[in-house]
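J.: Build me a model from this:
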Amino acid sequence: MGPAPSRSALDFFPASRDLVSLRSAAAGCEGCDLYLAATRTVFGEGDPGAAVMLVGEQPGDEEDVEGRPFVGPASRELDEALQRAGLDRSSVWVTNVVKHFKNVPRGARRMHVKPSMLEVRACRPWLDAEIELVEPDVVVLLGATAAQAVLGRSFRMTRSRGEWAAFDGRRALATWHPSAILRAPEREDRHRMRAELAEDLSKVAAALAGGTRGP
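T.: Numbering: from 1, shown residues only. Next up, the predicted model:
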């Protein structure tokens, strides 16, 4: 698992464990140094009783500015895939493993930097609390960083994308992050990944319709 962080989100947890209190407390989180270069904490949002939780890596530049997860081009990709799968964005909970935007300035732009595992572990209590309170039947992990944070560092998207896994008594499934689709250099790759994301989300919709839990 690697070294434990010297401080973490737990140091900023409120006495009351509900989503409103957690969101408010997370706004002041300094559990790792990522808050120094970020505009704000980006907590999860959506249906607090959702059967599906979508978990990405971290907020991007637009999310950091707006303070909401999955906005901008990545949001449009996700919304289209959800629609193709027969899932409604308003009925799911969307969040990230890391709640601050890790970036480096490059001219007038801020470029995304992958968070370290130490930073992921420091921020993980927020995600664990979201899962505990929302109680989703299925956790969908968008991208390799989210998948490795939840399923273990040995996870490989190229090997296990779209496969069911057990996580804390519920189903988990990893698939492409919408931003990865946008970054793919070839049109054919973008088309394939887009179809695979929708296919994987369709598996989630079918599992919910079947009313089963566990892989």
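J.: Okay, now the unreliable bits of this protein?
T.: Residues of the chain that meet the criterion pLDDT under 70 lie in 1-5, 211-215.
J.: Tell me which other helices or strands the longest helix seen in the chain touches.
T.: Longest helix in the chain by number of residues (criterion: DSSP state H): helix 187-210. Counting contacts by 3 or more C-beta pairs under 8 Å, 6 or more residues apart in numbering; DSSP states H and E, helix 187-210 packs against helix 73-85, strand 138-142, strand 170-175, helix 178-183. Where you see a C-beta, it was placed from the backbone N, CA and C, and this is true even at glycine.
J.: Distance to residue 9 for these - can I get that in CSV?
T.: Converted to CSV, those look like this (distance: least, C-beta to C-beta, whole Å):
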stretch, distance to residue 9
helix 73-85, 24
strand 138-142, 18
strand 170-175, 21
helix 178-183, 23
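J.: okay, those, which one's buried deepest?
T.: Mean neighbour counts were compared across the helices and strands packed on helix 187-210 using mean count of other C-beta atoms under 10 Å; the top stretch is strand 138-142, at a mean of 25.
J.: Direction included, what does that strand pair against?
T.: If you go by DSSP bridges, strand 138-142 pairs up with strand 52-56 (parallel), strand 170-175 (parallel).
J.: Dump these into TSV; add distance to residue 23 as well.
T.: Conversion of these to TSV gives the following (distance: least, C-beta to C-beta, whole Å):
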stretch	distance to residue 23
strand 52-56	15
strand 170-175	23
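J.: what's the distance between the nearest residue to residue 37 once chain neighbours are set aside and residue 69?
T.: Distance criterion C-beta to C-beta, 6 or more residues apart in numbering; nearest residue to residue 37, sequence neighbours excluded, is residue 103 at 6.0 Å. Residue 103 sits 16 Å away from residue 69, going by C-beta to C-beta, to the nearest Å.
J.: between the two, which one's more packed in?
T.: residue 69 (25 against 19; other C-beta atoms under 10 Å).
J.: ok now do the closest residue in space to residue 181 that isn't next to it in sequence, which residues does it touch?
T.: For residue 181, ignoring the flanking residues on the chain, the nearest one in space by C-beta to C-beta, 6+ apart is residue 193 at 4.6 Å. By C-beta atoms under 8 Å, 6 or more residues apart in numbering, the contact list for residue 193 reads 176, 180, 181, 184.
J.: picking up where we left off before, check the offset of the longest helix of the chain from the chain's centre.
T.: Taking C-alpha atoms, centre = their mean, to the nearest Å, one finds the center of helix 187-210 at 17 Å from the center of the full chain.
J.: Next: stretch 195-215.
T.: 17 Å.
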